[in-house]
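**Student:** Have a look at this fold, sequence not included:
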Ligand code: SF4
């Protein structure tokens, strides 16, 4: 089904299951509705925002392949998602009608991978890779194994959260035979950890596939220590390791979702005093303009100016990230 495109840059679309988790349709009142329903603020695009805030396109080495980090590559296998998250940072690609990776694009991506033997880890993303059919997914995995049977493969997906019944036995059987395969999901609120989610995740784990969670810190959704504590403990209880908590990227029209970095650091301080290290993710940011991912802490935040933070990457380079203090935040 074609996603209905709102006048903003990401389509609108969700599943009946995920919409059913919302207690209200008002995105200003409900943490699930906030992730589903567009708000007028999406039309306010700030000068430092972009549809490609982490500069994927700067690192393209084939039409669907991004090589940014030395030993890892990202393959965009599908532009479709079961739910189009209003905070999505990959707005230049998600739901943009590129569709599924074609055999020619897959072959070009594999040729590019073969020419870079330093790559040993492939992240399958999009869009959502698990929106592909099982046969298509199998074809992609087989093609990657032909380039290098030892690739570590990560599937980035929100399917267990927004469409858990897609995690079928057939799918998990297909994934289970893949050595070195990991699944990285994105749960952002404890209400997403339903019995259906638990069943889907248990099925994935029974297949021997380890699970990590990458949450996004979202204003009005989870910018609260109690909510995050419940989320991270609930994930751990389901056998999913909280891996990252991302500061919001500078994606077009997403200012209303971002918290200040001061607030994020305070949340992490509170969580550190309340939950085990195993439940605690790394608070991190993708540096604007393709600077890469860094942990956010008092070492990497080198200076706070009136309207900007100055952040430092591992090589000592400085980057500016806007300081957008919201009402009620420090
Ligand atoms: S599932 Fe991922 S790619 Fe799709 S809209 Fe949500 S964040 Fe973006």
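**Tutor:** Looks like it came in fine. As the structure is a computational prediction, the values presented were derived from the model and not from experiment.

**Student:** Give me the distance from stretch 137-155 to the chain's centre.
**Tutor:** Centroid displacement of stretch 137-155 relative to its chain, using Cα atoms, centre = their mean, to the nearest Å, is 21 Å.

**Student:** is the ligand contacted by that stretch?
**Tutor:** No. With Cβ under 6 Å from any ligand atom as the criterion, the ligand is not reached by stretch 137-155; the gap is at least 11.8 Å. C-beta coordinates here come from the backbone N, C-alpha and C atoms, glycine included.

**Student:** Do I have it right that residue 39 meets residue 256?
**Tutor:** Yes. Counting by Cβ atoms under 8 Å, residue 39 touches residue 256, with 6.6 Å between them.

**Student:** Distance check, whichever residue of the stretch 201-330 of the chain sits closest to the ligand against residue 143.
**Tutor:** With Cβ to the nearest ligand atom as the measure, residue 216 is the residue of the stretch 201-330 of the chain nearest to the ligand, at 7.8 Å. Counting by Cβ to Cβ, to the nearest Å, the separation of residue 216 from residue 143 is 30 Å.

**Student:** And these two? Which one has more around it.
**Tutor:** Just comparing residue 216 and residue 143: by other Cβ atoms under 10 Å the higher neighbour count belongs to residue 216, 22 against 16.

**Student:** Now do the nearest residue to that one once chain neighbours are set aside: how many residues are near it, please.
**Tutor:** Once flanking residues are discounted, residue 216 sits nearest to residue 246: 4.9 Å by Cβ to Cβ, 6 or more residues apart in numbering. When neighbours are defined as other Cβ under 10 Å, residue 246 has 22 of them.

**Student:** In contact with residue 246: list those residues for me.
**Tutor:** The contact partners of residue 246, by Cβ atoms under 8 Å, 6 or more residues apart in numbering, come to 214-217, 284-286.

**Student:** let's go with 7 Å and repeat that
**Tutor:** Residue 246 is in contact with 214, 216-217, 284-285, counting by Cβ atoms under 7 Å, 6 or more residues apart in numbering.

**Student:** Same check on residue 50?
**Tutor:** 250, 252.

**Student:** Got phi/psi on it?
**Tutor:** In terms of degrees, to the nearest 10, the main-chain angles of residue 50 are phi -150, psi 160.

**Student:** measure it to residue 257 for me?
**Tutor:** Distance of residue 50 to residue 257, given as Cβ to Cβ: 15 Å.

**Student:** Give me the three-state assignment for residue 245.
**Tutor:** Under the three-state scheme (DSSP: H, G, I helix; E, B strand; the rest coil), residue 245 adopts strand.

**Student:** Can you verify my assumption that it contacts residue 281?
**Tutor:** Yes. Using Cβ atoms under 7 Å, residue 245 is in contact with residue 281, at 4.5 Å.

**Student:** And those two? Which one has more around it.
**Tutor:** Neighbour tally, residue 245 and residue 281, criterion other Cβ under 10 Å: the higher count belongs to residue 245, 25 against 21.

**Student:** show me the contacts for the more buried one.
**Tutor:** 215, 217, 281, 283 are the contacts of residue 245 under Cβ under 7 Å, 6+ apart.
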